Every structure is written in C-alpha cells, then in structure tokens.
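Colleague: need a structure here:
(one chain, ligands or ions: 1)
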Amino acid sequence: MKDLLTAPFLVDMVRTLTNMYRLGWDERNGGNVSLMLEEADVREYADPARVLRTIPTGFSAPALEGKYFLVTGTGKYFKNVQYAPEVNLGLVRLTGGGETAELLWGFTDGGKFTSEFPAHMMSHAARLAVDPANRVVMHCHPGNLLAMTYVHDLDEKAFTRTLWQMCTECIVVFPDGVNVLPWMLCGTNEIGEATAQKMKTARLVVWSQHGIYGAGKDLDETFGLIETAEKAAEIYMKIAHLPRINTITDAQLHLLEKRFGVRAREGWLEPAEG
Ligand SMILES: [Zn+2]
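Modeller: Predicted coordinates for the structure are as follows:
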C-alpha cells in the first residue's frame, strides 16, 4: 500500500486549501471542501475493506452510495492542513444510502467531517445529476462577495449581471451565473437542501452574509470559479459608491458568448439585436 500522503489527489487538496487560506477566504475554521473519488483512485492508498470508524451522517443520499470523499474536518483550520493533513482531512465512503460514512483514512485525533457535510453531499448529488463530471464542492468566506451581500440587491439575476459587468471574463467563466440564498442557519440539513436546490441551475451559490459555495470537475476549476467571482465582487466594492460612467453592455456580453462558445443563463441578458 502506498502512503496516502503522496497521492496526487491529497497533494492537490493540501495545495488548494493552503492557497484558499493564503487569500484570506478561510479564517479560523471557516470553509470546507469535499472531493469525490472513485474506488480505483484510492485503492493503491487505502484498503477499502479496512474501515477505521463508522460515523452517522444525519441525512440520506442514495445517489452517493459507495462514493469516496476526501473532506475537511469539523473545527479544523485550513492554515494547519499542510502541516498535518492526516488530522485535518479524512477519506470516507458513504454506505447505507448515504446515512453512514466509513472512515478509511485521516481524522487521526478522533475528529470527523465538516459540520457542512449535508450541504456538501446534497450539492454533490445535485451537480452529478446535471453534470456527471462534477467532483468538487467548495465553501469559503471571500471578503468582497460577502461584503456585496450587504449592499447589493440579492435578486439572483441582478447579482449575476453586476458580476458579469465587473470583469470581461466573468460571463465566460460562469455563464450559468450565481444563485443566492438569503441568510439561513448554517450546518443544518435545511441549508443543505436549499443549497443543493440552487446547485441544479448554477455552480456558484452565495450564502448571504456568510460566504459562497462552488462546484466543479476538479479543485483547480472550482477554485478558479470562486476566484473569478470574488475578483468581480472586489471591483464592485471598489466602484459601488462612485458614479458609473462606463460598463460592459449586454451587446458586448453577447459578443463574448459568441467568441468563447458559451451561453448565458436563459433570459438574463437583453436579447441580441438582429
Ligand atoms: Zn462558512
């Protein structure tokens, strides 16, 4: 059996979490990430038959039966992951219709997965239903996106259109836009279900006055998605109090759609002329 600390997926996860901390998105124990893996990915590094502990999940997720997840631990700090991955991360397999997590590696101090595990697993199931290549769900607290939820209309179309207008590449990176949840109590099945519902139509879901969820096919893509939305929010927070003299128009957004072969969320741009 190879050392799991050398597995490419583990190295990728540690680097991503370290980078998220470096950008200030994950103060204290803020943020959580889950990466879905196949048995073939983990077999060289962990014996699927050797279950260290079983942990009830508190929800059901039949679509994820038998799936493996590398996931951050509850109460753990992203800043510490690079120094002790085996304490701060765990590899689990879902069984019993998703109601049980079997720990195969990690959480060596007796810990368990993030308190946002319901939101993660329900979001994985929702994204897999629309995109079978989805592997990652990522949650964090980027400052500008969070700030924007205090001063901007929370209507999803209005919020998305503002982000698209802030950087030319936004509509190319997230043509499906951003969905927005009102403030809700975190760590519950209710916010998990609401997030998963929103994940059916967009890969980014803002939690008002809290942070953001992103989903994607790998860690880089998902990180880049949040990074791009956060950059747009940063521009917005720099200009929101100033008279806006120029902007990116819907006609220009249509040119970007055409050039990059993407389709903006249906009805969220003014129809193209001609
Ligand atoms: Zn959070």
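Colleague: show me where the stretch 51-200 of the chain has helices.
Modeller: All helices of the stretch 51-200 of the chain, identified by DSSP state H, counting those that start in this stretch, fall at 78-81, 85-88, 117-130, 143-151, 156-166, 170-173, 189-199.
Colleague: export those to a markdown table and tack on mean neighbour count?
Modeller: Quick note: C-beta positions are derived from backbone N, CA and C, even for glycine. Supplementary listing: the helices of the stretch 51-200 of the chain in a markdown table, determined by neighbours: other CB atoms under 10 Å:
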| stretch | mean neighbour count |
| --- | --- |
| helix 78-81 | 20 |
| helix 85-88 | 20 |
| helix 117-130 | 23 |
| helix 143-151 | 18 |
| helix 156-166 | 21 |
| helix 170-173 | 22 |
| helix 189-199 | 20 |
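Colleague: quick check: bridge partners of the residue nearest to Val51 when sequence neighbours are not counted?
Modeller: Leaving aside its chain neighbours, Val51 sits nearest to Glu102 (4.4 Å; criterion: CB to CB, 6 or more residues apart in numbering). Glu102 has these beta-bridge partners by DSSP bridges: Thr54, Arg93.
Colleague: quick one: residues contacting Glu102.
Modeller: Val51, Arg53, Thr54, Ile55, Val92, Arg93, Leu94, Thr95 (CB atoms under 8 Å, 6 or more residues apart in numbering).
Colleague: filter those to the buried ones?
Modeller: Of the members of the contacts of Glu102, the ones counted as buried by neighbours, 16 or more other CB atoms under 10 Å, are Ile55, Val92, Arg93, Leu94, Thr95.
Colleague: ok, so of these, who is nearest Val180?
Modeller: Leu94 (28.6 Å; CB to CB).
Colleague: I figured the closest one hits Ala63, correct?
Modeller: No. Leu94 is beyond contact range of Ala63, at 9.7 Å (criterion: CB atoms under 8 Å).
Colleague: re earlier: format the buried ones among the contacts of Glu102 as JSON lines; extra columns: distance to Glu257 and pLDDT.
Modeller: Below are these laid out as JSON lines (distance: CB to CB, whole Å; pLDDT from 0 to 100):
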{"residue": "Ile55", "distance to Glu257": "45", "pLDDT": "96"}
{"residue": "Val92", "distance to Glu257": "40", "pLDDT": "98"}
{"residue": "Arg93", "distance to Glu257": "41", "pLDDT": "98"}
{"residue": "Leu94", "distance to Glu257": "38", "pLDDT": "97"}
{"residue": "Thr95", "distance to Glu257": "43", "pLDDT": "97"}
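Colleague: so which of those residues is the closest to Ala125?
Modeller: Distances from Ala125 to those, taken by CB to CB, are shortest for Leu94, at 10.3 Å.
Colleague: roughly how far apart are the closest one and Cys170?
Modeller: 34 Å (CB to CB, to the nearest Å).
Colleague: repeat for Pro118
Modeller: With CB to CB as the criterion, Pro118 and Cys170 are 30 Å apart.
Colleague: which stretches of this structure form strands?
Modeller: Using DSSP state E, the strands found in the chain span residues 32-37, 53-56, 68-72, 89-95, 100-106, 136-140, 178-181, 204-207, 211-216.
Colleague: what angle separates the first one from strand 136-140?
Modeller: Pointing back at strand 32-37 there. For strand 32-37 against strand 136-140, the angle by axes from the mean of the first three to the mean of the last three CA atoms, to 10 degrees is 170 degrees.
Colleague: average model confidence for strand 32-37?
Modeller: Mean pLDDT, computed over strand 32-37, is 98.
Colleague: stretch 159-176 too?
Modeller: Stretch 159-176 comes out at a mean pLDDT of 98.
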